[in-house]
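Participant: Got a predicted model here, sequence first, then my questions.
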Amino acid sequence: MKKRHFFHEEMRDGIFLISCKEWEMSTATINTYLIRGKEKAVLVDAGLGASGLREYAQQLAGVPVQLVLSHGHFDHTGAVNEFEDVWIHPEDALILGKNIIKFLPSKKITARIHNLREGDELLLGDRTLQVYDIQGHTAGSIVLYDKKTKTLISGDSICRRVFYIDGNKYPINRFFHDLMKVDQLDFTGVCSAHDRFLLPKTQIRHMIDVISDGIFNSNITIRILGRKYFQVKYGIGPEDPEFIDFSAPIASREQLKLEVDDFLKKSGYQSIQKGGSYE
(Lines give C-alpha, C1' and ligand atoms only; values in the text may rest on other atoms or scores of the structure.)
Protein backbone atom coordinates (compact mmCIF):
# COMPACT_ATOMS: atom_id res chain seq x y z
CA MET A 1 0.00 0.00 0.00
CA LYS A 2 1.32 3.44 -0.94
CA LYS A 3 2.51 5.51 1.98
CA ARG A 4 0.34 8.57 2.55
CA HIS A 5 1.58 12.14 2.75
CA PHE A 6 0.26 13.16 6.13
CA PHE A 7 -0.06 16.66 7.56
CA HIS A 8 -1.38 17.94 10.88
CA GLU A 9 -2.94 21.01 12.42
CA GLU A 10 -3.23 21.81 16.13
CA MET A 11 -6.93 22.46 16.74
CA ARG A 12 -6.60 23.10 20.46
CA ASP A 13 -3.80 22.76 23.02
CA GLY A 14 -2.41 19.26 22.47
CA ILE A 15 -5.20 18.18 20.07
CA PHE A 16 -3.99 17.63 16.51
CA LEU A 17 -5.98 16.89 13.37
CA ILE A 18 -4.06 14.43 11.17
CA SER A 19 -5.08 13.89 7.56
CA CYS A 20 -3.73 13.65 4.03
CA LYS A 21 -4.72 14.73 0.53
CA GLU A 22 -5.62 11.16 -0.42
CA TRP A 23 -8.42 11.24 2.19
CA GLU A 24 -10.32 14.07 0.54
CA MET A 25 -13.74 12.94 -0.72
CA SER A 26 -15.34 15.65 -2.86
CA THR A 27 -16.34 18.31 -0.28
CA ALA A 28 -15.80 16.05 2.75
CA THR A 29 -12.53 15.00 4.34
CA ILE A 30 -11.40 12.13 6.53
CA ASN A 31 -9.54 13.06 9.70
CA THR A 32 -7.98 11.38 12.69
CA TYR A 33 -7.19 13.20 15.92
CA LEU A 34 -4.18 12.88 18.20
CA ILE A 35 -4.66 13.99 21.81
CA ARG A 36 -1.25 14.36 23.40
CA GLY A 37 -0.58 14.11 27.12
CA LYS A 38 2.67 14.18 29.08
CA GLU A 39 2.80 10.41 29.52
CA LYS A 40 0.68 9.02 26.68
CA ALA A 41 -1.27 10.06 23.60
CA VAL A 42 -4.52 8.78 22.10
CA LEU A 43 -5.09 8.57 18.36
CA VAL A 44 -8.81 8.65 17.58
CA ASP A 45 -9.53 6.66 14.40
CA ALA A 46 -7.23 5.20 11.78
CA GLY A 47 -8.33 6.76 8.51
CA LEU A 48 -8.79 5.19 5.10
CA GLY A 49 -6.13 3.04 3.41
CA ALA A 50 -3.67 4.57 5.83
CA SER A 51 -0.12 3.30 5.42
CA GLY A 52 2.34 5.10 7.69
CA LEU A 53 -0.22 6.65 10.04
CA ARG A 54 1.19 5.07 13.18
CA GLU A 55 4.72 6.27 12.42
CA TYR A 56 3.49 9.79 11.76
CA ALA A 57 1.36 9.92 14.92
CA GLN A 58 4.19 8.50 17.04
CA GLN A 59 6.65 11.13 15.82
CA LEU A 60 4.14 13.90 16.50
CA ALA A 61 3.26 12.58 19.95
CA GLY A 62 6.73 11.81 21.30
CA VAL A 63 5.08 9.49 23.86
CA PRO A 64 3.37 6.07 23.49
CA VAL A 65 0.26 6.22 21.28
CA GLN A 66 -2.96 4.30 22.03
CA LEU A 67 -5.38 3.73 19.13
CA VAL A 68 -9.06 4.30 19.92
CA LEU A 69 -11.83 3.94 17.33
CA SER A 70 -14.91 6.14 17.40
CA HIS A 71 -16.72 3.31 15.56
CA GLY A 72 -15.96 0.40 13.25
CA HIS A 73 -16.60 1.67 9.71
CA PHE A 74 -13.96 1.21 7.01
CA ASP A 75 -13.08 4.92 6.64
CA HIS A 76 -12.08 5.04 10.32
CA THR A 77 -10.11 1.79 10.52
CA GLY A 78 -7.58 1.83 7.68
CA ALA A 79 -4.42 1.63 9.81
CA VAL A 80 -5.72 -0.61 12.60
CA ASN A 81 -3.26 -3.37 11.75
CA GLU A 82 -0.29 -1.01 12.11
CA PHE A 83 -0.99 -1.19 15.87
CA GLU A 84 -0.63 -4.15 18.21
CA ASP A 85 -3.73 -3.10 20.17
CA VAL A 86 -6.93 -1.21 19.47
CA TRP A 87 -9.72 0.01 21.77
CA ILE A 88 -13.33 0.05 20.54
CA HIS A 89 -16.85 -0.32 21.90
CA PRO A 90 -17.75 -4.05 22.04
CA GLU A 91 -20.79 -3.55 19.76
CA ASP A 92 -18.59 -2.12 17.01
CA ALA A 93 -15.88 -4.71 17.57
CA LEU A 94 -18.41 -7.04 15.91
CA ILE A 95 -18.24 -5.07 12.62
CA LEU A 96 -14.53 -4.27 12.69
CA GLY A 97 -13.02 -5.31 9.37
CA LYS A 98 -16.45 -6.03 7.84
CA ASN A 99 -17.21 -3.39 5.22
CA ILE A 100 -20.72 -2.06 4.80
CA ILE A 101 -20.10 -1.39 1.11
CA LYS A 102 -20.51 -4.63 -0.80
CA PHE A 103 -17.77 -4.14 -3.37
CA LEU A 104 -15.11 -3.49 -0.71
CA PRO A 105 -13.45 -6.59 0.75
CA SER A 106 -13.40 -7.37 4.44
CA LYS A 107 -10.00 -7.63 6.10
CA LYS A 108 -8.58 -9.69 8.91
CA ILE A 109 -7.84 -7.65 12.02
CA THR A 110 -4.50 -8.59 13.54
CA ALA A 111 -4.52 -5.99 16.33
CA ARG A 112 -5.64 -7.18 19.76
CA ILE A 113 -9.11 -5.79 20.44
CA HIS A 114 -9.95 -4.21 23.79
CA ASN A 115 -13.39 -3.04 24.93
CA LEU A 116 -14.12 0.62 25.60
CA ARG A 117 -17.50 1.93 26.73
CA GLU A 118 -19.19 4.76 28.54
CA GLY A 119 -17.72 5.44 31.98
CA ASP A 120 -14.20 4.43 30.99
CA GLU A 121 -11.39 6.97 31.22
CA LEU A 122 -8.14 7.28 29.28
CA LEU A 123 -5.35 8.65 31.48
CA LEU A 124 -2.69 10.60 29.58
CA GLY A 125 -0.75 12.12 32.46
CA ASP A 126 -1.84 15.74 32.51
CA ARG A 127 -5.27 15.13 30.96
CA THR A 128 -8.03 12.53 31.12
CA LEU A 129 -10.38 11.60 28.27
CA GLN A 130 -13.86 10.46 29.29
CA VAL A 131 -15.82 8.01 27.10
CA TYR A 132 -19.51 8.49 26.20
CA ASP A 133 -21.72 6.21 24.11
CA ILE A 134 -23.85 7.64 21.30
CA GLN A 135 -25.87 4.89 19.61
CA GLY A 136 -27.22 5.82 16.19
CA HIS A 137 -24.73 5.93 13.34
CA THR A 138 -23.64 2.52 14.66
CA ALA A 139 -24.52 0.49 17.75
CA GLY A 140 -21.17 1.24 19.39
CA SER A 141 -20.26 4.79 18.39
CA ILE A 142 -18.45 6.78 21.08
CA VAL A 143 -17.19 10.31 21.66
CA LEU A 144 -14.34 11.41 23.93
CA TYR A 145 -14.46 14.44 26.22
CA ASP A 146 -11.30 16.38 27.04
CA LYS A 147 -12.12 18.57 30.03
CA LYS A 148 -8.72 20.28 29.84
CA THR A 149 -9.59 22.05 26.59
CA LYS A 150 -13.40 21.69 26.81
CA THR A 151 -13.42 19.69 23.58
CA LEU A 152 -15.40 16.71 22.28
CA ILE A 153 -13.69 14.36 19.83
CA SER A 154 -16.37 12.79 17.67
CA GLY A 155 -16.36 10.34 14.80
CA ASP A 156 -19.64 10.46 12.87
CA SER A 157 -21.98 11.18 15.79
CA ILE A 158 -21.71 14.97 16.17
CA CYS A 159 -21.09 16.18 12.66
CA ARG A 160 -22.57 17.80 9.56
CA ARG A 161 -23.20 14.59 7.59
CA VAL A 162 -25.37 11.99 9.31
CA PHE A 163 -25.80 8.62 7.57
CA TYR A 164 -28.49 6.76 9.51
CA ILE A 165 -27.79 3.47 7.79
CA ASP A 166 -29.99 1.15 9.87
CA GLY A 167 -33.09 3.28 10.20
CA ASN A 168 -35.22 0.97 12.36
CA LYS A 169 -32.37 -0.79 14.14
CA TYR A 170 -31.27 2.08 16.39
CA PRO A 171 -34.21 4.29 17.49
CA ILE A 172 -33.54 7.92 16.69
CA ASN A 173 -35.06 9.01 20.01
CA ARG A 174 -32.19 7.07 21.67
CA PHE A 175 -29.71 8.84 19.35
CA PHE A 176 -31.13 12.25 20.29
CA HIS A 177 -31.14 11.32 23.98
CA ASP A 178 -27.46 10.34 23.82
CA LEU A 179 -26.63 13.56 21.98
CA MET A 180 -28.37 15.63 24.68
CA LYS A 181 -26.52 13.66 27.36
CA VAL A 182 -23.17 14.98 26.09
CA ASP A 183 -24.70 18.39 25.38
CA GLN A 184 -24.80 18.82 29.16
CA LEU A 185 -20.99 18.67 29.33
CA ASP A 186 -18.94 21.85 29.58
CA PHE A 187 -17.46 21.98 26.09
CA THR A 188 -16.97 24.71 23.50
CA GLY A 189 -15.95 22.82 20.35
CA VAL A 190 -16.26 19.48 18.55
CA CYS A 191 -13.62 17.74 16.43
CA SER A 192 -15.50 15.94 13.65
CA ALA A 193 -14.13 13.11 11.52
CA HIS A 194 -15.17 14.76 8.25
CA ASP A 195 -14.55 18.49 8.70
CA ARG A 196 -11.29 20.36 9.20
CA PHE A 197 -12.67 23.00 11.53
CA LEU A 198 -14.18 22.92 15.01
CA LEU A 199 -17.94 22.61 15.21
CA PRO A 200 -19.61 24.74 17.92
CA LYS A 201 -21.45 23.49 21.00
CA THR A 202 -24.71 24.46 19.28
CA GLN A 203 -24.07 21.76 16.64
CA ILE A 204 -25.91 19.13 18.68
CA ARG A 205 -29.19 21.04 18.88
CA HIS A 206 -28.74 22.25 15.31
CA MET A 207 -28.53 18.62 14.19
CA ILE A 208 -31.61 17.61 16.18
CA ASP A 209 -33.63 20.60 14.91
CA VAL A 210 -32.80 20.03 11.24
CA ILE A 211 -33.12 16.23 11.30
CA SER A 212 -36.41 16.28 13.25
CA ASP A 213 -38.00 18.76 10.87
CA GLY A 214 -36.63 17.01 7.79
CA ILE A 215 -37.88 13.56 8.79
CA PHE A 216 -41.41 14.97 8.52
CA ASN A 217 -41.01 17.46 5.68
CA SER A 218 -38.16 16.61 3.29
CA ASN A 219 -39.22 15.39 -0.17
CA ILE A 220 -35.74 14.48 -1.43
CA THR A 221 -35.14 10.83 -2.31
CA ILE A 222 -31.85 9.25 -3.36
CA ARG A 223 -30.53 5.79 -4.13
CA ILE A 224 -27.35 4.45 -2.49
CA LEU A 225 -26.01 1.08 -3.62
CA GLY A 226 -29.42 0.07 -4.91
CA ARG A 227 -31.30 1.06 -1.73
CA LYS A 228 -33.79 3.94 -1.50
CA TYR A 229 -33.16 6.67 1.07
CA PHE A 230 -34.80 9.95 1.90
CA GLN A 231 -32.46 12.88 2.39
CA VAL A 232 -32.56 15.99 4.54
CA LYS A 233 -30.35 18.87 3.42
CA TYR A 234 -29.93 22.20 5.16
CA GLY A 235 -27.79 25.18 4.19
CA ILE A 236 -26.56 26.47 0.86
CA GLY A 237 -23.96 23.73 0.46
CA PRO A 238 -20.99 22.09 2.19
CA GLU A 239 -19.14 25.42 2.31
CA ASP A 240 -21.89 26.68 4.65
CA PRO A 241 -20.91 25.97 8.31
CA GLU A 242 -24.59 25.31 9.08
CA PHE A 243 -24.78 22.62 6.38
CA ILE A 244 -26.51 19.36 7.41
CA ASP A 245 -26.90 16.27 5.23
CA PHE A 246 -28.96 13.47 6.80
CA SER A 247 -30.11 10.30 5.05
CA ALA A 248 -32.00 7.20 6.18
CA PRO A 249 -33.81 4.33 4.45
CA ILE A 250 -37.24 5.28 3.13
CA ALA A 251 -38.62 2.09 4.66
CA SER A 252 -37.78 3.41 8.14
CA ARG A 253 -39.34 6.86 7.75
CA GLU A 254 -42.72 6.27 9.43
CA GLN A 255 -41.04 4.64 12.42
CA LEU A 256 -38.57 7.53 12.66
CA LYS A 257 -41.47 9.98 12.77
CA LEU A 258 -42.94 8.13 15.75
CA GLU A 259 -39.56 8.13 17.49
CA VAL A 260 -39.05 11.87 16.93
CA ASP A 261 -42.51 12.55 18.38
CA ASP A 262 -41.67 10.39 21.38
CA PHE A 263 -38.41 12.26 21.98
CA LEU A 264 -40.02 15.70 21.71
CA LYS A 265 -42.88 14.78 24.06
CA LYS A 266 -40.83 13.03 26.74
CA SER A 267 -37.60 15.03 26.80
CA GLY A 268 -38.88 18.58 27.13
CA TYR A 269 -36.42 19.42 24.35
CA GLN A 270 -36.17 23.09 23.38
CA SER A 271 -35.01 23.90 19.86
CA ILE A 272 -32.54 26.68 19.09
CA GLN A 273 -32.17 29.12 16.26
CA LYS A 274 -29.90 27.68 13.57
CA GLY A 275 -26.31 28.77 13.50
CA GLY A 276 -23.65 29.42 16.11
CA SER A 277 -20.11 30.61 16.59
CA TYR A 278 -17.59 28.78 14.41
CA GLU A 279 -13.83 28.68 14.78
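Facilitator: Yep, it's here.
Participant: Can you pull the poorly scored residue ranges out of this protein?
Facilitator: Low-confidence segments of the chain, defined by pLDDT under 70, span residues 1-4, 26, 99-105, 167-168, 273-279.
Participant: mind redoing it with 80?
Facilitator: 1-4, 24-28, 49-50, 99-106, 166-168, 225, 272-279 (pLDDT under 80).
Participant: For the residue nearest the centre of the chain, give me its contacts.
Facilitator: Nearest to the geometric centre of the chain sits G155, at 1.6 Å (CA atoms, centre = their mean). Under the criterion of CB atoms under 8 Å, 6 or more residues apart in numbering, the contact partners of G155 comprise 44-45, 69-71, 76, 137, 141-143, 193. C-beta: built from backbone N, CA, C; applies to glycine.
Participant: How about it: what's its closest non-neighbour residue?
Facilitator: Taking CB to CB, 6 or more residues apart in numbering as the measure, G155 lies nearest to S70, with 2.6 Å between them; neighbours along the chain are not counted.
Participant: Quick check: the one you found touching V44?
Facilitator: Yes - here S70 lies in contact with V44, judged by CB atoms under 8 Å, at a distance of 6.0 Å.
Participant: quick one: common contacting residues for those two?
Facilitator: Residues touching both S70 and V44 comprise 153, 155, with contact defined as CB under 8 Å, 6+ apart.
Participant: Which parts of the stretch 101-250 of the chain are helices?
Facilitator: All helices of the stretch 101-250 of the chain, identified by DSSP state H, counting those that start in this stretch, fall at 172-183, 203-217.
Participant: Measure how far the first one is from the centre of its chain, please.
Facilitator: What it means is helix 172-183. Computed by CA atoms, centre = their mean, to the nearest Å, the separation of helix 172-183 from the middle of its chain amounts to 14 Å.
Participant: Would you check how far apart D178 and W87 are?
Facilitator: Between D178 and W87 the distance is 19 Å, computed by CB to CB, to the nearest Å.
Participant: Check C191 too.
Facilitator: The spacing between C191 and W87, counted by CB to CB, is 18 Å.
Participant: Please say which of those two ends up with more neighbours.
Facilitator: More crowded of C191 and W87, by other CB atoms under 10 Å: C191, with 28 against 22.
Participant: Could you double-check that that one lies in contact with D146?
Facilitator: No - with contact defined as CB under 8 Å, C191 does not reach D146; the gap is 9.2 Å.
Participant: Having no further points to raise, I will conclude here.
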